[in-house]
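what would the 3D arrangement of this be:
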Amino acid sequence: MSDIFKKAELKAAVGEILREIMDSEAGVPCAAEITESRPHKESTAANNGSIRLIKGSEVKCTRFPFDIGRAGKGVFTKDILTLEESPRLGAGFMEIFGVSFPWVLKYDEVEYVVEGVLNISTKDKKITATAGDVVFIPKDSEIEFSSPSRARFLYVTYPANWQDQ
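Numbering: from 1, shown residues only. Model prediction:
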């Protein structure tokens, strides 16, 4: 058997295993255990204009809170700033595990890929971003987020209350 055929079989098997894990209620494919608590030890109160550090490696994601169908089992997020802390910019982490889903942005967003491969498509263009890449998505974009395996990225939104746009 050729190496290419073996790789294709392995990739298909791994993909099937990931889908089974995402479909089961027992396993949660987040990079770390799901937690509802703040991932950092800093105060959640308004920071009065002072700088602060959020350890990205300590941020724990939870299931994506919006209905995106079956793909929702493979999408996890965690906001890292509250509106009280940052009334103008929103920020958080998202993880996508081998799924795709459509999204319409009524706000500007920047993605910084921390790990993996993130695909973002419009009707005219497809961008593939890997660790260290930055993607700008302008307001009123209709996109599809996807990852062939796993992507973890930081998102920054303007305005901060993007859910209300």
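
and Lys106, how many neighbours?
Other residues near Lys106 number 12, with proximity taken as other Cβ atoms under 10 Å. For the C-beta atoms, the positions are set from N, CA and C on the backbone; glycine is no exception.

CA atoms only: put stretch 87-96 into PDB for me.
Listed in PDB are the C-alpha atoms of stretch 87-96, where the atom choice follows Å, rounded to 0.1, in the frame of the first residue of the first chain:
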ATOM      1  CA  PRO A  87     -17.400  48.600  26.500                       C
ATOM      2  CA  ARG A  88     -16.000  49.100  23.000                       C
ATOM      3  CA  LEU A  89     -14.100  45.900  22.000                       C
ATOM      4  CA  GLY A  90     -15.200  42.300  22.600                       C
ATOM      5  CA  ALA A  91     -12.700  39.400  22.700                       C
ATOM      6  CA  GLY A  92     -12.600  35.700  23.300                       C
ATOM      7  CA  PHE A  93     -11.400  32.400  22.100                       C
ATOM      8  CA  MET A  94     -13.200  29.900  19.800                       C
ATOM      9  CA  GLU A  95     -12.300  26.300  19.000                       C
ATOM     10  CA  ILE A  96     -13.700  24.400  16.000                       C
END
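
tell me the buried residues in that stretch?
Neighbour-count burial for stretch 87-96, with 16 or more other Cβ atoms under 10 Å as criterion, is recorded at 90-96.

ok, so of those residues, who is nearest Glu109?
Closest approach to Glu109 among the buried residues of stretch 87-96 (Cβ to Cβ): Gly90, at 8.8 Å.

and that closest one, what does it touch?
For Gly90, the contacting residues are 79, 81, 83, 155-162, taking Cβ atoms under 8 Å, 6 or more residues apart in numbering as the criterion.
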